[in-house]
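>>> could you look at this predicted model? Sequence included:
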Amino acid sequence: MGCHEREGAQVTDLSPGLPRDPRHDPVLREEVIAALAIAPGERHVDATFGAGGYTRAMLAAGADVIACDRDPDAIAGGQALVEEAGGKLTLIHGRFGEIDRLLAERGIDAVDGITFDIGVSSMQLDQGERGFSFQKDGPLDMRMAQEGESAADWLNRADETEIADVLFHYGDERQSRRVARAIVAARPLTRTGELATVIRKALRHPPGAPKDPSTKSFQAIRIHINGELDELVAGLNAAERLLRPGGRLAVVSFHSTEDRIVKNFLRERSGGDAAGSRHRPAPTTPLARAATFETPARKVRPGKAEEARNPRARSATLRSAIRTAAPAHSTMKEAMSC
């Protein structure tokens, strides 16, 4: 598609009359809708509903939309849009890694498009009581589903090595051991403000410096608490099972590890690994499975205008691909038995 020819390419607004939701200005909105190539009457899935930014754009393009979110606040907040959509929107409370099962329970086994917006939403960051942000003091929670172990629970029980590993692998924090040592020494921690102060002191952050050093650690802890990388892998496999031939997949990610997972999944499923490379040798046995996706479109990054309007967009990457008619690599039954 033309909109995927280069990073930061300008895309015509496909829904010019659609107002942007001030609570959640969806990143790369026009680029995502272009990748989905929605035809009126098609059935599309917004697997990460949030405040409904992508869902609104899908509805405006003529799609029947099924939207999913594990955050009960997002589901409650979306009921007004369900009413407004007049039967064209179904909202489901659940994890996007189980989207094929959630739809199967409603008698749906195939869809025309699926969109993922990976990570925390602006709406969640803006709610200090949810504990996602170091910019607003609140309980040290970070749970998207509002159940299970909180960030405070984990930080106050985990040993120094485990904390350091999470900060390093999920946050790219080079001084992870220093930060982990400071966290353990400061326990118990119950507030986001307390954690942010500990991290800033550990990294000798001068007040007023442009980038807050808490950013990487907060991101890493959130990814760990919510099992976000495992959820992403499960979601990609579920999308492969659920998309009909010719169906479109669009994934927006904000973290290098997440983007790498998406990139490698699409490369493998499109047959891009078959020949191998000097870094990744070709398999010694013939590949038995046909490509389940066509060659992915080139990645898309936000343009300068969007970055100026929405600073969160700076780290966003969109990857998209079209489903072939080949059987999925796993069945839903196999996935549920793992």
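That came through, no problem. Residues are numbered from 1 along each chain as shown.

>>> please make it C-alpha for all contacts and neighbour counts, starting now.
Noted.

>>> flag the shaky bits of the stretch 51-200 of the chain, pLDDT-wise.
120-129, 131 (pLDDT under 70).

>>> which residues in it form helices?
With DSSP state H, counting those that start in this stretch as the criterion, the stretch 51-200 of the chain has helices at 53-60, 72-77, 79-85, 99-104, 122-126, 151-157, 160-171, 176-186, 192-202.

>>> any idea which of those is most buried?
With neighbours defined as mean count of other CA atoms under 10 Å, the helices of the stretch 51-200 of the chain peak in mean count at helix 53-60, which reaches a mean of 23.

>>> quick one on the thing from earlier: how about JSON lines for the helices of the stretch 51-200 of the chain, with distance to I221 added?
Output for these, formatted as JSON lines (distance: least, CA to CA, whole Å):
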{"stretch": "helix 53-60", "distance to I221": "26"}
{"stretch": "helix 72-77", "distance to I221": "21"}
{"stretch": "helix 79-85", "distance to I221": "30"}
{"stretch": "helix 99-104", "distance to I221": "25"}
{"stretch": "helix 122-126", "distance to I221": "14"}
{"stretch": "helix 151-157", "distance to I221": "7"}
{"stretch": "helix 160-171", "distance to I221": "7"}
{"stretch": "helix 176-186", "distance to I221": "11"}
{"stretch": "helix 192-202", "distance to I221": "11"}
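
>>> please identify which of the ones you listed is closest to L232.
helix 99-104 (11.4 Å; CA to CA).

>>> outside of that closest one itself, list whatever touches it.
A47, C68, I92, G94, D109, G235, A238, A239, R241, L242, M332 (CA atoms under 8 Å, 6 or more residues apart in numbering).

>>> neighbours of T190, how many?
By other CA atoms under 10 Å, the residues close to T190 number 18.

>>> residues contacting it?
Contacts of T190 by CA under 8 Å, 6+ apart are P139, L140, A152.

>>> sec struct for R248, please.
Of the three states, R248 takes strand under DSSP: H, G, I helix; E, B strand; the rest coil.

>>> now render the contacts of T190 as a markdown table, adding distance to F293.
Shown next, in a markdown table, are those (distance: CA to CA, whole Å):
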| residue | distance to F293 |
| --- | --- |
| P139 | 43 |
| L140 | 41 |
| A152 | 41 |
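
>>> which one among those gets closest to T215?
Checking the contacts of T190 against T215 with CA to CA, the nearest one is L140 at 14.5 Å.

>>> does that closest one really touch S150, like I thought?
Yes - counting by CA atoms under 8 Å, L140 touches S150, with 7.2 Å between them.

>>> settle it for me: which of these two has more neighbours?
Legend: neighbour count by other CA under 10 Å for L140 and S150, higher for L140 (25 against 21).

>>> over to that one: give its phi and psi.
phi -80, psi 80 (degrees, to the nearest 10).

>>> what sits against it?
R130, G131, F132, S150, A151, A152, L189, T190, R191, T192.

>>> so V251 sits in a helix?
No - looking at V251 with three-state DSSP, it is strand, so not inside a helix.

>>> roughly how far apart are it and T48?
10 Å (CA to CA, to the nearest Å).

>>> what segments of this structure are strands?
Listed in chain order, the strands of the chain (DSSP state E) span 43-46, 64-69, 89-93, 111-117, 243-253, 317-322.

>>> which stretch among these comes nearest L229?
Among the strands of the chain, the nearest to L229 by CA to CA is strand 243-253 (11.1 Å).

>>> and the protein, what are its domain boundaries?
What automatic domain parsing lists as the domains of the chain is 25-145+227-261+314-338, 147-225.

>>> point out the one among the ones you listed that comes closest to A290.
domain 25-145+227-261+314-338 (6.0 Å).

>>> what about the closest one, distance to the chain center?
Averaging C-alpha positions (CA atoms, centre = their mean, to the nearest Å) puts domain 25-145+227-261+314-338 8 Å from its chain's average.

>>> and stretch 293-304, by the same measure?
Mean C-alpha position of stretch 293-304 versus that of the full chain (CA atoms, centre = their mean) differs by 16 Å.
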